[in-house]
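*Asks:* got a sequence here, can you build the structure:
(chains A and B)
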Amino acid sequence: MIEAHDLWKAFGTTQAVAGVSFSALDGQITGLLGPNGAGKTTTLRMLYTLMRPDRGQIRVDGIDAASAPMEVRKRIGALPDARGLYKRLSARENIEYFARLHGLSAAQARDRCSELLRALQMQALAERRAEGFSQGERVKTAIARALVHNPRNVILDEPGNGLDVMANLGLREVLRSLRAEGRCVLISTHIMQEVAALCDRIVIIAHGRVVADGTPEALREHSQERNLEDAFMKIIGAAAREEST
Amino acid sequence: MNKALIVFSKECAESLRDRRVLLNALVLGPLLTPLLFLVLMHMIVGRELEKAEKPLPVVVVGQKTAPNFVQALEHEGLLALPEVPDPEAAVREQRLDLVLRIPARFADDWREGRPAQIELIYDSSRQDVRGEVDRIESMIEGFSHRTTSLRLLARGIAPSIANPVVIAARDQATPQARGALLLGMLPYFLILTALIGGMWLAIDSTAGERERQSLEPLLVNPVGRGAVLLGKMLATATFSMASLILGLLAFVLVGHLMPADEAGLGLSIGSRFVFGALTVMAPLVLLIAIAQIWVASFARSFREAQTYLGLAQLLPLIPSVLMMAVPMRPKLWMSVVPLFGQQVTVLRMLRGEGVDNLTIASGMAVTLASAGLIFYLTLRLFRSERVAISS
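*Replies:* From the prediction side, this is the model:
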């Protein structure tokens, strides 16, 4: 479980995140939805402890991120916005490197890696160097890398970015199976279909603030729109009007 | 510590698969400078030898006035060339290096026993003519000296009366020291080799890793930034050291091919020198590695880092140039300042001088402490948020 309480973060004079609070529960896929530049990536970076919030508190499985960042990192598998692989290493070597950094022994890393390669149906990539990977193959490898320590909480920043239809369907399968295993899954996205197809709960962010939080049904009801896309536009629009007044 | 080793072995494994790194660290870096050195030595020594043995062609104006004098100089290696009109202009315009003019009254003065004047026309601002002028001057002095002796003898006077003071030159330069004069640049080349050896890895594992967007995922792992940095530094230092060892071995090989005997040089580039130099240089290799990572971490891209580190290669040139321009006796403070100290100490080892252990140890200690300081500064940079973020 991931809890964010009143997170603030500024870069110079730009207030990227201004009081974001929400929680993502175990056994659910929570979607962080918002237009580009809304503060999604910064919020996620604070959650996986790459950045420190200027203010506010983060708790992962009840552990405070500010006082025990290493403990929190062990409980989180993160797919950051930057998902570069080591091109001269094979998919297996890329994954096993992170496994070793998580403290797995060489033998454990090998087993866990084989398990993930099977689960993500990417055995064919195992010994190939990442050099010539397609976008989908790269994302798959990066996801495997993020899951290598079997984390209870999984944070993925725009996981569907740049994936074709087939790869995207594959990704959704992976996310659903993570949910089925009882993990807490948090994704950020600006693509409505992704949210509609996957999420149990939606947190809409605009201008660094949470403007709506609830199930897809609740959001539709709240905005009195039948279509989720229209609901999103209406909520964002209302937030923008509020901002300018 | 364990995690640092994991980072270290991954960086090494990855770099061993990179042709650019291999070419730079293990081939170009170690081989380029020794080969350059070999060619340079052959050129310098070859030119000197050639000049000393070949006949010296000189335009002689007024040969007919003093045929015996010209003939005597020809025995010493002069090659008298036919005269040209306006020799002054020819020398000024650098068409000729040197002209010997024998004035018309030479024959009369000679017969009368008066000092007979001859003229040497040359341009003293031209460095390359200096050798020729020296040679012809010594030929003429020799001739003049022999003539004096003969004239004194003819008058029944011992020739030694004309030499009240005689200089006996006793050059105290050992053969090694003379060789080291030519090899004064070797310490710089060794440091350059270490710099080239580590450069690619230092950039690749910092600015390169950020540019390829793999630094952020790496730093999200539960590994302290200190361990990550330590692993990267050790990997960089390993390549730098490998480069240095190969470079030294190449110098040993090249040392045997150098025209050392022809030039009267005795060089002590043996196993003792190799081990001594490696010991002195080892802490510097660590310092270079962490300094390169530090600089590369500031850069926003691979290319930017490359520019910075390319410029940094000139830095160790400063002590070398300083020592050549202002020759000083090595003092203790010089042996202790990083970069400076290694050059002074390696040069002294090359000259076959003994260097006391205290000097070596204090130099190593100061360099190690500097490496520690820069490690701390780099770690602070690594802990900042701006290092991890690619965009």
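*Asks:* spit out the contact partners of the spatially most central residue of chain A.
*Replies:* By Cα atoms, centre = their mean, chain A has its centre lying nearest to residue A:156, at 2.0 Å. Residue A:156 is in contact with A:78-79, A:143, A:146, A:175, A:185-188, counting by Cβ atoms under 8 Å, 6 or more residues apart in numbering or on different chains. The way it works is simple: take the backbone N, C-alpha and C, and place the C-beta from them, glycine included.
*Asks:* remind me which helix or strand it belongs to.
*Replies:* Using DSSP states H and E, residue A:156 maps to strand A:153-157.
*Asks:* what pairs with that strand, parallel or antiparallel?
*Replies:* In the sheet, strand A:153-157 lines up against strand A:76-79 (parallel), strand A:184-189 (parallel) (DSSP bridges).
*Asks:* next SSE downstream of the longest one?
*Replies:* Moving toward the C-terminus from strand A:184-189, the first helix or strand encountered (DSSP H and E) is helix A:192-198.
*Asks:* can you mark which positions in that next one are buried?
*Replies:* By 16 or more other Cβ atoms under 10 Å in any protein chain shown, the buried positions in helix A:192-198 come out as A:192, A:194-195, A:198.
*Asks:* which one of the contacts of residue A:156 is nearest residue B:25?
*Replies:* Nearest to residue B:25, judged by Cβ to Cβ, of those is residue A:146 at 32.5 Å.
*Asks:* just the pLDDT for the closest one.
*Replies:* We have a pLDDT of 94 for residue A:146.
*Asks:* how many other residues sit next to the closest residue to it other than its chain neighbours?
*Replies:* Nearest residue to residue A:146, sequence neighbours excluded (Cβ to Cβ, 6 or more residues apart in numbering or on different chains): residue A:77, at 4.0 Å. The local packing of residue A:77 (other Cβ atoms under 10 Å in any protein chain shown) involves 27 other residues.
*Asks:* for residue A:11, same thing?
*Replies:* 13.
*Asks:* equivalent analysis for residue A:38, please.
*Replies:* As a burial measure, residue A:38 scores 24 neighbours (other Cβ under 10 Å).
*Asks:* same check, this time on residue B:252
*Replies:* By other Cβ under 10 Å, the residues close to residue B:252 number 16.
*Asks:* same question for residue B:4.
*Replies:* Using other Cβ under 10 Å, residue B:4 is surrounded by 20 other residues.
*Asks:* repeat for the one 5 residues further on
*Replies:* Here the number of neighbours of residue B:9 (other Cβ under 10 Å) works out to 15.
*Asks:* if I've got this straight, it is in a helix?
*Replies:* Yes: secondary structure assignment (DSSP: H, G, I helix; E, B strand; the rest coil) places residue B:9 inside a helix.
*Asks:* can you give me the strands for the chain?
*Replies:* Here I'm looking at chain A. Here chain A has its strands, by DSSP state E, at A:2-11, A:14-24, A:29-33, A:55-60, A:63-64, A:76-79, A:153-157, A:184-189, A:201-206, A:209-214.
*Asks:* meant chain B, my bad for not saying
*Replies:* Ranges of strands in chain B, per DSSP E, are B:56-61, B:78-81, B:98-101, B:119-122.
*Asks:* is residue A:175 in contact with residue A:31, as I believe?
*Replies:* No: using Cβ atoms under 8 Å, residue A:175 makes no contact with residue A:31, being 10.4 Å away.
*Asks:* between the two, which contacts overlap?
*Replies:* What both residue A:175 and residue A:31 touch, as defined by Cβ under 8 Å, 6+ apart, is the set A:187, A:198.
*Asks:* residue ranges with poor pLDDT in chain A?
*Replies:* A:243-245 (pLDDT under 70).
*Asks:* tell me the residues of it that contact chain B?
*Replies:* Residues of chain A lying close to chain B (Cβ under 8 Å from any Cβ of the partner chain) are A:45, A:48-52, A:70, A:73-74, A:76, A:78-89, A:93, A:97-98, A:100-103, A:142, A:145-146.
*Asks:* that older thread, between the strand holding residue A:156 and strand A:14-24, how big is the angle?
*Replies:* Angle, strand A:153-157 to strand A:14-24, by axes from the mean of the first three to the mean of the last three Cα atoms, to 10 degrees: 140 degrees.
*Asks:* of the residues of chain A next to chain B, buried ones?
*Replies:* If we count by 16+ other Cβ under 10 Å, the residues of chain A next to chain B have these buried: A:45, A:48-51, A:73-74, A:76, A:78-89, A:93, A:97-98, A:100-103, A:142, A:145-146.
*Asks:* residue 72: how many residues sit nearby?
*Replies:* Picked chain A for this. Neighbour number of residue A:72 under other Cβ under 10 Å is 23.
*Asks:* um, chain B though
*Replies:* For residue B:72, using other Cβ under 10 Å, the count is 17.
*Asks:* just checking, it touches residue B:145?
*Replies:* No: in this structure, residue B:72 is not within contact of residue B:145 by Cβ under 8 Å, at 11.8 Å.
*Asks:* dig out what the residue nearest to residue A:146 forms beta bridges with.
*Replies:* residue A:154.
*Asks:* out of the strands of chain A, which is closest to residue B:369?
*Replies:* Minimum separation from residue B:369 across these (Cβ to Cβ) falls at strand A:2-11, 36.3 Å.
*Asks:* could you list the low-pLDDT ranges of chain B?
*Replies:* Short version for chain B, where the test is pLDDT under 70: B:1, B:44-53, B:169-183, B:258-268, B:324, B:327-330, B:390-391.
*Asks:* okay, domains of it per the record?
*Replies:* Domain segmentation of chain B under automatic domain parsing yields B:2-45+B:176-388, B:55-170.
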